[in-house]
Structures are given as C-alpha cells and as structure tokens.
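J.: this one's sequence-less:
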C-alpha cells in the first residue's frame, strides 16, 4: 500500500505537488526553446543537439506542426511532447469535423492544458515532463503564442522562453522585444537569443525554427486546383524552416 501511495500525485505538508516539481525539473533540464510574436507572424526556435554523434538527427524534430495554421516547440521529454502532438492533432481534426472550421489557437492551448492537468491527478500516470510554446494564427485573434506547462496552466505571451537557459533568454528578450515588429526582425532576435546562451557554434543543423507566416500568393490556376473549402482557408501557415532558409538567416545575424 505504501508503494501505491508513493506513486500518487498528492500535496505535501507545505502545499506543493512534489511530482510537478520533478516535472518542472525535467523541463529545466531540456534544451532552451523560445517564441516571439510579431506584427505579421510568430517564430518559435529551439536548440537541437543530439545526445550522441551516432543519432540520425534528420529524423529528430523539436518543432512539431499541429495543423496548417499552428504548431509548437517543446523543452523536456520528447516522448511526452510527441504524445501531446498527437492529442493536439486529434483535437484539431475533431474541431474541424464538428464545426467545419480550423480550431482557434486559444482552444488548442486550452485542450493541451486540460490534458496536462488530467495527468496531475489521475491514478497510474505521472505528470508530463514537458512544457510547450504553441504558435498559431486564427481569424479571431490573429497571431498568438501560448505556453502550456506540466501543471496544465496555459497563458498567452508576447515572447517567452523555456528550458535550461530560460532565465537568461527571457532577460535577453525583454531588452530586445518591440511591439509591432516584423516577422523578419523576430526571427533575427530569436537566433540572437539562442546564440547568447549556446554552447558552441550555432549552425543550421543544431537548431530548429518554425514560423507562422503569411501564405504566399500562388498563381491563379494552382489556387483553383488546390484551393481548400472556404471554412478551412487561412491567411497564415505554420512551417518549419529548411536548413537552407536557416543558413540565410544565420548569415544575416553573424
């Protein structure tokens, strides 16, 4: 019985959830990740350092798309992040099926927070050891950035950082963040913030960046051939920058 009780998530005498403290420790041991909102988009970025040179990092992703207009970056346990990504994609599809619209970013962050909170009080499971920075766009509130923690708490940020170097990264962002900045400027600040606390040289192989950006207009014939239903249209898209695009930005901030 004592072993079973030890596994439960309960408050201690000082009012803390000890398992949540352990979850937050897992997040603080994870790679530094950050997000910045801009006038015309959102950028999320993270370190991507494999624990061994034998790891095939082409098949390892730290920035995870959820739907065409939204995605997130994580710090902490990768397996937990991938589970939450699957749940987020499922919720996005359910919302799309039920309401014939893309899920609002606020609604997606709320769902992820609800899943995380359930895992803090359910028997036989542990809290998630991961925090997320969710970036997206919707027609109601425009470009948005949300942080979701293991406790289930979720809230909006103009710019934020999570992971092992989050304190210094937030201080760096506080000094350089400007309201109504362009997405290009936000990408540059994100890269400079990562470089500030990076161990070694930043390359297009050891970081990963995702952006919410305006969709580029295509030729008229291509639009007609691939145009989605009106309710699924979005003015912005979530994409993970290619190594070539990343190198172009790194050359600009060198």
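T.: Good, I have the coordinates. What you see is a predicted model, and the numbers here were worked out from it, not measured in a lab.
J.: Start from the N-terminal end of the protein and give the helices.
T.: For the chain, the helices defined by DSSP state H cover 2-7, 18-28, 78-99, 105-118, 166-176, 183-196, 220-226, 243-253.
J.: Make CSV out of the ones you listed and add mean neighbour count, mean pLDDT and distance to residue 64.
T.: C-beta here means a position set from N, CA and C on the backbone, and glycine is covered the same way. Listed next are the helices of the chain as CSV, based on neighbours: other Cβ atoms under 10 Å; pLDDT from 0 to 100; distance: least, Cβ to Cβ, whole Å:
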stretch, mean neighbour count, mean pLDDT, distance to residue 64
helix 2-7, 8, 44, 29
helix 18-28, 17, 87, 16
helix 78-99, 16, 96, 4
helix 105-118, 20, 96, 12
helix 166-176, 16, 96, 19
helix 183-196, 21, 96, 17
helix 220-226, 9, 49, 24
helix 243-253, 14, 94, 17
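J.: Would you mind listing the buried residues in stretch 150-166?
T.: 150-152, 154, 157, 159-166 (16 or more other Cβ atoms under 10 Å).
J.: Quick check: beta-bridge partners of residue 162?
T.: Counting by DSSP bridges, residue 162 is bridged to residue 33.
J.: what residues are up against it?
T.: 27, 30, 32, 33, 34, 75, 131, 133, 147 (Cβ atoms under 8 Å, 6 or more residues apart in numbering).
J.: If we use 7 Å, what do you get?
T.: Neighbour list for residue 162: 27, 33, 75, 131, 133, 147 [criterion: Cβ atoms under 7 Å, 6 or more residues apart in numbering].
J.: was I right about the fourth one contacting residue 72?
T.: Just to be clear, that refers to residue 131. No. Using Cβ atoms under 7 Å, residue 131 is not in contact with residue 72; the gap is 9.9 Å.
J.: On the pLDDT front, check residue 151 for me.
T.: Looking at residue 151, its pLDDT stands at 92.
J.: Identify the residues contacting the residue nearest to it when sequence neighbours are not counted.
T.: For residue 151, ignoring the flanking residues on the chain, the nearest one in space by Cβ to Cβ, 6 or more residues apart in numbering is residue 20 at 5.5 Å. Counting by Cβ under 7 Å, 6+ apart, residue 20 makes contact with 120, 127, 150, 151.
J.: Just name the closest of the buried residues of stretch 150-166 to residue 216, please.
T.: Within the buried residues of stretch 150-166, the smallest distance to residue 216 is 25.2 Å, found for residue 159 (Cβ to Cβ).
J.: Roughly how far does the closest one sit from residue 100?
T.: Using Cβ to Cβ, to the nearest Å, residue 159 is found at 33 Å from residue 100.
J.: sorry, back to before: may I see the contacts of residue 162 arranged in TSV, with distance to residue 116 as well?
T.: Listed next are the contacts of residue 162 as TSV, based on distance: Cβ to Cβ, whole Å:
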residue	distance to residue 116
27	12
33	16
75	14
131	9
133	14
147	11
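J.: and those residues, which are buried?
T.: Among the contacts of residue 162, those scoring as buried are 27, 33, 75, 131, 133, 147 (criterion: 16+ other Cβ under 10 Å).
J.: separation between the fourth one and residue 58?
T.: Same thing as residue 131. 25 Å.
J.: Ok, the first one next?
T.: In this structure, residue 27 and residue 58 are separated by 25 Å, where distance is defined by Cβ to Cβ.
J.: How about the third one?
T.: Computed with Cβ to Cβ, the distance linking residue 75 and residue 58 is 21 Å.
J.: what does the fifth one give?
T.: The spacing between residue 133 and residue 58, counted by Cβ to Cβ, is 23 Å.
J.: Need the contact partners of stretch 121-129.
T.: Taking Cβ under 7 Å, 6+ apart as the rule, stretch 121-129 contacts 8-9, 19-20, 23, 26-27, 76-77, 80, 84, 116, 119-120, 150.
J.: go on, stretch 134-144?
T.: Residues contacting stretch 134-144 (Cβ under 7 Å, 6+ apart): 35, 37-38, 41-42, 44, 69-72, 102, 104-106, 108-109, 112, 145-146, 148, 156, 210, 212, 234, 236, 238.
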